[in-house]
Each structure stands twice: as structure tokens, then as C-alpha cells.
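S.K.: fold the following.
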Amino acid sequence: MAEIAQRLKRRWLELALVSALLLALGVLFETTGLTLGDVISKRFLGATLRLSVPIAFAALGGIFAEKSGVINIGLEGHLIIAAFASIAGVILTGSVWAGFLAGVLASTLFAVLFAVVCIEFQADQVIAGLAIWLVALGLGPFLSTVLYGSVNTPQTGSFQAIAIPGLASLPVIGALFDVTPPVYLLYVAVIGCWYVLNHTAFGRWVNASGENPQALDTAGIDVTRVRYVSVILSGVLAGIGGAGYALSIGQFTGSGETMIGGRGFIAVVAYLLGNYNPIGAFLSTTLFAGLQTLQIQLQTGVLPASLVQTVPYITVIVVLAAVGHTRTPAAAGEHYESGDE
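M.R.: Numbers count the residues shown, from 1 in each chain. A predicted model of the protein is given here:
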């Protein structure tokens with residue numbers, strides 16, 4: 001009976017939180033004059049997809065790392081360094097795609113460094129991840145200042161939207177087929193990561209590495225190698241997100257928290273809310289990105305901009321408190337050497 005009462009209490013709490021959130025959003029709509037049609041539109045969906053790129057790719061990378069047993073809290077740093085390197089690459093070569101590859105490579109190198117420190121030298125993973133973030137947070141603006149005389153790089157070329165004939169003209173959902181290359185890559189990455197984790201031998205190794213590395217070791221699979229590959233893959237995916245985001249704007253902005261603005265940390269929330277499922281993480285990402293898009297539109301109203309800017313973050317906290325029942329991998333954050341018992 002006590003367990004049933006506890007469940008009912010939690011359900012009522014969840015209902016109250018969601019109801020309060022919907023009421024608050026309703027008040028915001030009323031005070032700003034926005035309508036449902038402003039949200040259910042091709043323009044709104046397109047903006048949401050563009051803002052999803054850095055968060056979703058970082059979340060996918062975080063899933064691989066953490067499911068293998070390595071907590072990569074430094075996703076923000078990967079996004080920052082990839083964003084800077086991609087713009088620097090475009091300025092150097094004149095090619096957007098060369099810049100994109102430069103951004104992915106920079107993030108991957110950071111992931112290799114992180115993997116060596118955490119796996120080979122068994123450093124504290126959270127501290128190492130924060131160090132990666134802090135290094136990138138300082139390095140990006142510093143290099144920009146040295147090379148271009150400002151923490152903000154010059155404006156460069158950027159990715160342009162590619163419309164698929166016929167599909168792009170559909171109402172509302174046509175926005176899915178009139179987006180930049182990084183968004184199309186995101187579609188492929190979400191399905192690809194889901195398939196790899198759930199239907200391949202490597203995916204099973206990743207899961208076992210984070211849940212029971214001793215059993216994986218006994219089966220003859222090198223746990224260290226699986227973790228190295230998973231962490232490096234997290235850097236590759238986050239690099240795609242950071243480079244894709246910067247190249248959709250055509251500039252690196254290094255002031256404050258840089259142009260990334262905490263999206264790497266939101267990515268951690270996204271994959272936790274999605275329960276380490278790539279599709280769930282993507283849906284969680286679109287929730288936050290959609291709220292960011294909504295927040296930009298709400299700033300045209302009478303409410304203070306500083307208050308409106310908190311809407312995405314408060315909403316994510318409420319949703320996480322209401323429906324977040326995530327179970328982390330049993331061996332996440334734990335070091336392992338072959339032969340350990």
C-alpha cells in the first residue's frame with residue numbers, strides 16, 4: 001500500500017508540474033500575442049532543426065561514451081573547439097567542407113586526449129571532462145584573438161539549405177526537407193547510432209563495457225579498446241555538431257560562454273532524458289531547441305528579455321523532474337583493467 005501511495009503521489013506531482021508549465025506558457029502566449037499557428041509552421045520547425053544540430057550530435061556522442069563506461073562531461077568543450085576550428089578552416093582554405101572537416105578533426109583530437117587521460121592514466125572522468133571544457137573555452141577565443149584580432153572571427157562562407165523537390169513544398173513538414181547538410185547528416189546519424197547500439201556486435205560490446213566489463217573481458221573482448229573507440233566516436237559526433245552549427249552561421253563568436261552557450265551541457269540532459277536511446281535523445285533535443293526558437297519569438301513581447309530567456313532551461317528542468325527516470329550504466333565512471341575482478 002505504501003508503494004502504491006508513493007506512486008500516486010509522484011503521478012500527482014508530475015501532473016502538477018506539467019500543468020504549471022502549460023499554464024505559464026499559456027500566459028506567455030497571451031502577453032506576447034503569439035498564436036499556435038506561429039509555432040506549427042515551416043519557419044518554426046526549420047529554426048528548431050538548425051538549433052538541434054549541436055545539441056543532438058553532442059548527445060549522440062555522449063551516449064556512446066557513457067554507455068561504454070566513460071562519462072564525457074566535456075561535450076561543451078568539443079563543440080567549442082570544433083566551432084572555432086571549422087571557421088578557421090574556411091578562412092584558411094576557402095572551402096566550407098574543408099572547414100567542416102577541420103572542426104571534426106579538432107574535436108576528435110580533444111577526444112583522443114580525454115580518452116588517454118581517463119582510460120590510460122585513470123584520471124577522474126568528471127574532472128578531466130571539465131578540464132576539456134575549460135581548455136576549449138579559453139583556447140578558442142585566445143586563438144581567435146591571436147589570428148584575427150578579436151574573440152569573434154570574421155564572417156565566412158556558410159552551409160546553404162538544400163531543398164528536396166516536391167517534399168520541401170509540403171505544409172509544415174516540408175521544413176524537414178529544406179535544411180542545411182548538417183541537419184540531413186543528423187537524420188542519418190540518429191538512425192545509424194540507434195541501429196549500431198541495438199543491432200550490431202559493437203553496440204553489444206559498448207553496452208557490456210558500461211554494464212559489466214568483467215563479463216565482456218571474459219568473453220575475449222578488449223574493454224579498453226571498446227572504451228577508446230567509444231570516446232573517440234563521441235568526439236567525432238560532437239565535432240560534427242559544433243562545426244555544423246558554426247558553419248550554419250558563418251562565424252565563431254568567442255565572447256561570454258562563446259556561441260555554444262551551454263549546449264554541450266544541455267546535450268547531457270538530453271541523452272539522460274532520452275534514457276541513452278539516440279531517438280529519445282533527439283526528441284529531447286528538439287524539445288529544447290523548439291523552446292529556444294519559441295523564446296526568441298517571445299522576446300518581441302512586453303516581458304523582460306532576461307526572463308523570457310530562462311524559458312527553455314526552466315522547462316527542461318521541469319520535464320526532467322517530472323518524467324526523468326534514467327538508470328545510468330552500472331560501471332559508468334569506473335576504471336577497468338583487464339583481469340580486474
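S.K.: surely V190 meets I63?
M.R.: No - between V190 and I63 there is no contact under C-beta atoms under 8 Å: 10.6 Å. Glycine gets a C-beta too; all of them are placed from N, C-alpha and C.
S.K.: and for those two, which residues touch both?
M.R.: By C-beta atoms under 8 Å, 6 or more residues apart in numbering, V190 and I63 have these common neighbours: P278.
S.K.: tell me, how many residues neighbour E337?
M.R.: By the criterion of other C-beta atoms under 10 Å, E337 has 11 neighbours.
S.K.: how near is it to D217?
M.R.: E337 sits 9 Å away from D217, going by C-beta to C-beta, to the nearest Å.
S.K.: ok, S230 next?
M.R.: S230 is 15 Å from D217, by C-beta to C-beta.
S.K.: those two: which is more packed in?
M.R.: Taking neighbours as other C-beta under 10 Å, S230 and D217 compare with S230 leading, 26 against 20.
S.K.: where along the stretch 51-200 of the chain do the helices fall?
M.R.: Along the stretch 51-200 of the chain, counting by DSSP state H, counting those that start in this stretch, helices occupy 75-93, 96-115, 125-148, 181-199.
S.K.: and the last one, what other elements does it pack with?
M.R.: What it means is helix 181-199. With contacts taken as 3 or more C-beta pairs under 8 Å, 6 or more residues apart in numbering; DSSP states H and E, helix 181-199 sits against helix 42-67, helix 201-211, helix 223-249, helix 278-298.
S.K.: which one of V190 and I63 has more residues nearby?
M.R.: Shown here are V190 and I63; by other C-beta under 10 Å, I63 has more neighbours (30 against 22).
S.K.: pretty sure that one contacts A281?
M.R.: Yes - with contact defined as C-beta under 8 Å, I63 counts as touching A281 (6.3 Å).
S.K.: overlap in contacts of those two?
M.R.: Both I63 and A281 are in contact with Y271, where contact means C-beta under 8 Å, 6+ apart.
S.K.: what is the neighbour count of A330?
M.R.: By other C-beta under 10 Å, neighbour count at A330 equals 11.
S.K.: my read is it is in a helix, agree?
M.R.: No - A330 sits outside any helix when classified using DSSP: H, G, I helix; E, B strand; the rest coil, being coil.
S.K.: would you format the helices and strands packed on helix 181-199 as JSON lines with distance to P312 and mean pLDDT included?
M.R.: Output for those, formatted as JSON lines (distance: least, C-beta to C-beta, whole Å; pLDDT from 0 to 100):
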{"stretch": "helix 42-67", "distance to P312": "10", "mean pLDDT": "95"}
{"stretch": "helix 201-211", "distance to P312": "29", "mean pLDDT": "97"}
{"stretch": "helix 223-249", "distance to P312": "16", "mean pLDDT": "97"}
{"stretch": "helix 278-298", "distance to P312": "4", "mean pLDDT": "85"}
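S.K.: right, and the ones you listed - which one's nearest L79?
M.R.: helix 223-249 (3.7 Å; C-beta to C-beta).
S.K.: so for the helix or strand just after the closest one, mean pLDDT?
M.R.: Counting by DSSP states H and E, the element after helix 223-249 in chain order, helix or strand, is helix 263-273. Averaged across helix 263-273, pLDDT comes to 92.
S.K.: now helix 263-273 against helix 223-249, angle please.
M.R.: For helix 263-273 against helix 223-249, the angle by axes from the mean of the first three to the mean of the last three C-alpha atoms, to 10 degrees is 120 degrees.
S.K.: ok, the residue nearest the centre of the chain to L101 distance?
M.R.: Centroid-nearest residue in the chain, with C-alpha atoms, centre = their mean: I55, separated by 2.4 Å. From I55 over to L101 the distance is 21 Å, taken as C-beta to C-beta.
S.K.: cool, and A215?
M.R.: 38 Å.
S.K.: who has more neighbours, these two?
M.R.: Ranked by neighbour count (other C-beta under 10 Å), A215 and L101 place L101 first, with 16 against 12.
S.K.: wait, what's in contact with the residue nearest to that one when sequence neighbours are not counted?
M.R.: Leaving aside its sequence neighbours, L101 sits nearest to G89 (C-beta to C-beta, 6 or more residues apart in numbering; 7.1 Å). For G89, the contacting residues are S95, A98, G99, F100, L101, A102, G103, by C-beta under 8 Å, 6+ apart.
S.K.: same question, T218
M.R.: Contact criterion C-beta under 8 Å, 6+ apart gives no residues in contact with T218.
S.K.: against A161, how distant is it?
M.R.: Applying C-beta to C-beta to T218 and A161 gives a distance of 51 Å.
S.K.: picking up where we left off before, now distance to L109 too, for the helices and strands packed on helix 181-199, in a markdown table please.
M.R.: Output for the helices and strands packed on helix 181-199, formatted as a markdown table (distance: least, C-beta to C-beta, whole Å):
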| stretch | distance to L109 |
| --- | --- |
| helix 42-67 | 14 |
| helix 201-211 | 22 |
| helix 223-249 | 8 |
| helix 278-298 | 24 |
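S.K.: ok, which of those helices comes nearest L143?
M.R.: Of all the helices and strands packed on helix 181-199, helix 223-249 comes closest under C-beta to C-beta, at 13.8 Å.
S.K.: F114: what's it in contact with?
M.R.: Counting by C-beta under 8 Å, 6+ apart, F114 has contacts N72, G74, A128, G129, I132, V231, G235.
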